[in-house]
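Asks: 3D model of this:
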Amino acid sequence: MQILGNLKVGKESILRAATICHALDVAAPDLHQLNPIFNEQSWQKEEYDRLLTEHLLQLAIILRSAIYQGLNPRTSEPFISCCGILDIDKGKSFNVKDVCDKIIHADYIVRHLEKGEVDSNSKTTFQIRGKHPKDGSWALGISIELFCVGILNWVDSEYTN
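Replies: Next up is the predicted model:
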């Protein structure tokens, strides 16, 4: 019995997921450093980090589904090329599918945010690590804020053309 038919991911789903991840990432420095209830041992910080990780995974799955439906990941390169560095392919460009694959298969994700580094121009970065069965360990250093902005601009350009 087929109840729902084919999997369908629309532009709005991608934009919503990217906007949520962007907001969670941008708000984190102020919450973690300027709010006294967010200390390193607090359950609030742990829950906030879990919430961001869950939404980041959701964004990656939504994007991979949209790619499966026909959204061309190669056209994302100009939009996301400035958001991070994939250390197994240093110097090579990467696209949204590459980033999503790393997020989905990550063993480890950590935010690099040092005390006293919060200002309006700073971007927090994440280190996402994992292991590929054939190629060994990999690492992706990424700004979630810049990645999400790139996704928003890329998806908008793809759906308006």
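Asks: quick one: average pLDDT of stretch 107-114?
Replies: The average pLDDT within stretch 107-114 is 76.
Asks: after the worst-scoring helix or strand of the chain on mean pLDDT comes which helix or strand?
Replies: When each helix and strand of the chain is scored by mean pLDDT, DSSP states H and E, strand 84-86 comes last, with a mean of 76. Using DSSP states H and E, the next helix or strand after strand 84-86 towards the C-terminus is helix 96-104.
Asks: For that next one, give me every contacting residue.
Replies: Here helix 96-104 makes contact (C-beta atoms under 8 Å, 6 or more residues apart in numbering) with 56-57, 59-61, 63-64, 67, 73, 76, 80, 83-84, 86, 109, 128, 130, 138, 140, 142, 147, 151, 154. From N, CA and C alone the C-beta is placed, and that goes for glycine too.
Asks: Off-centre distance for that helix?
Replies: How far helix 96-104 lies from its chain's middle: 8 Å, per C-alpha atoms, centre = their mean, to the nearest Å.
Asks: Could you do stretch 136-151 as well?
Replies: For stretch 136-151, the distance to the chain centre is 6 Å (C-alpha atoms, centre = their mean).
Asks: Just the buried positions in it, please.
Replies: 138-140, 142-151 (16 or more other C-beta atoms under 10 Å).
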